[in-house]
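1. prediction below, plus the sequence it came from.
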Amino acid sequence: MAGTLPPLFAISDEDHGGYVAVAVYTLLVLSIFVLVTRLSTRWYIGRVIHADDILLAASAICGLLQSVFVQLAISDGLGKKRSIITNHAFDQFLKHEYAAQILLIITIALSKISSGLLFQSTMTSRGYTWANGALMVIIVAWAIGTILALALRCPMPNPWKWSPSGQCINQEALFQSIAALNISTDVALVVLPCILLRNVQLSRWKRFRIMALIASKLMVCAATGVEIHHILIMLQSSDVTWASTNATVWDQVMMNLSIITTALPSLGRLVVELQPNVYAFKIHDDHTERPSKGNTFVSTKRKSHPGDPPLSPGTSVMVTSGWRESFRDDSESVEGLVNQPNVIQQTIHFEVH
């Protein structure tokens, strides 16, 4: 038919690269939309960008670069039958897949650290703080170890030249180990803040809503399970470019879900729930415990009233920013709820002797 444009992604019995391209661009656009929404919401409410926002933006940039390399791999044969690909194109495909896999790990690691930092400031308990810090160390160690393993998985000077019969390290064991630690750290990033939220003074519905947003990261675990299944199939195939189709699609699903589910807990009304309240107090009977730097979110709200018993010597009192419950309907504007004067911006600590 005259005037009809050719399809953007041609799909045939010997070329399924178009499926990968559709997954790449659809998921990338969705991730960027969610990220921009999160950053604009955080800026609109607090007029400040935090470290977790910067790391998530860096994760999205790395994800964009990873998608570029995947597209280059598609141009060089990803999704096609090996029989219709030249040797030069196949070598280029291996190089681009090599770079894409490393960038995939960097993207996921940055999104994990961003997720951990989001709730770092809410942890008033020393135990929670140490547990979260240890989790961040494990994530960084996992990322560095994985990147080195992927970068050096085959002999130099061409570590990207992988084949089922090549002289490389055990590929199945490598990818299974990567996936196991990936899933484990994602589960920990869900469990730790959910345990913390049990002691926060919020209504049951609001607590459930926040936990549900945090638990959305479990979708990444499910995607990782499907991804490793297809990777193992690809590793056992004699036609790597053709068998890489499903594995690469699920790579993109996992990567973009990691970005999206990291951004979700800071969207919409949840940001309002985490805004500071001037009436938040934390009282320690153990005067040896010192307040942490920066804003601290606590699970206790108290006001002084006439007739209250005096504080005992050695008791330390810390006035902090805290979790605030909204007493208006969810339909009210965000601006009206957060633009309130006299909000404590810094922690004040004093002791009674």
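-> Structure's in. What do you need?

2. the helix or strand Ile54 falls within - what's its average pLDDT?
-> Here Ile54 sits within helix 51-75, counting by DSSP states H and E. Mean pLDDT, helix 51-75: 93.

3. chain center to it, what's the gap?
-> The chain centroid and the centroid of helix 51-75 are separated by 13 Å under CA atoms, centre = their mean, to the nearest Å.

4. check which element follows it along the chain.
-> Sequence-wise, the next helix or strand downstream of helix 51-75 (DSSP H and E) is helix 87-118.

5. report the buried residues of the helix holding Ile54.
-> The neighbour-count criterion (16 or more other CB atoms under 10 Å) identifies 52-53, 55-60, 62-63, 66-74 as the buried residues of helix 51-75. Placement of C-beta: from N, CA and C, glycine included.

6. ditto for stretch 21-39
-> Across stretch 21-39, burial judged by 16+ other CB under 10 Å covers Ala21, Ala23, Val24, Leu27, Leu28, Ser31, Val34, Leu35, Arg38, Leu39.

7. and which of the residues you listed is nearest Leu117?
-> Among the buried residues of stretch 21-39, Arg38 lies closest to Leu117 (CB to CB), at 13.8 Å.

8. you'd agree the closest one is up against Leu267?
-> Yes: A contact is recorded between Arg38 and Leu267 when judged using CB atoms under 8 Å, the distance being 5.6 Å.

9. residue ranges with poor pLDDT in the stretch 1-150 of the chain?
-> For the stretch 1-150 of the chain, applying pLDDT under 70 flags the ranges 1-10, 121-124.

10. let's see it at 80
-> When residues are selected by pLDDT under 80, those of the stretch 1-150 of the chain lie in 1-15, 42, 44-49, 119-127.

11. could you count how many residues lie near Glu14?
-> Counted by other CB atoms under 10 Å, the residues lying close to Glu14 total 12.

12. what's near enough to touch the residue lying closest to it once chain neighbours are set aside?
-> Excluding the flanking residues, the one nearest Glu14 by CB to CB, 6 or more residues apart in numbering is Lys81, at 4.5 Å. Under the criterion of CB atoms under 8 Å, 6 or more residues apart in numbering, the contact list for Lys81 reads Glu14, Asp15, Asp239, Thr241, Trp242.

13. widest-spaced pair of these?
-> Taking CB to CB as the measure, these reach their widest spread between Asp15 and Asp239, a distance of 12.7 Å.

14. with neighbour numbers in mind, choose between the two.
-> Taking Asp15 and Asp239 together and counting by other CB under 10 Å, Asp15 has the greater number of neighbours (21 against 13).

15. residues near the residue nearest to that one when sequence neighbours are not counted, how many?
-> When the adjacent residues along the chain are set aside, Asp15 lies closest to Lys80, with 4.8 Å between them (CB to CB, 6+ apart). By other CB under 10 Å, 23 other residues sit near Lys80.

16. what sits against the residue most central in space within the chain?
-> Averaging the C-alpha coordinates of the chain gives a centre point, and the residue nearest to it by CA atoms, centre = their mean is Ser111 (3.2 Å). When contacts are counted by CB under 8 Å, 6+ apart, Ser111 touches Leu55, Leu56, Ser59, Ser258, Ile259, Thr262.

17. about what we covered before: so which of the buried residues of stretch 21-39 are in helices?
-> Ala21, Ala23, Val24, Leu27, Leu28, Ser31, Val34, Leu35, Arg38, Leu39 (DSSP state H).

18. and of those residues, the nearest to Cys194?
-> Within these, distances to Cys194 taken as CB to CB reach their minimum at Arg38, with 20.1 Å.

19. quick check: Ser184 vs Arg204, distance?
-> Distance of Ser184 to Arg204, given as CB to CB, to the nearest Å: 29 Å.

20. the helices in the stretch 151-300 of the chain, which residues?
-> Secondary structure of the stretch 151-300 of the chain (DSSP state H, counting those that start in this stretch): helices located at 171-197, 204-215, 218-235, 240-263, 269-273.
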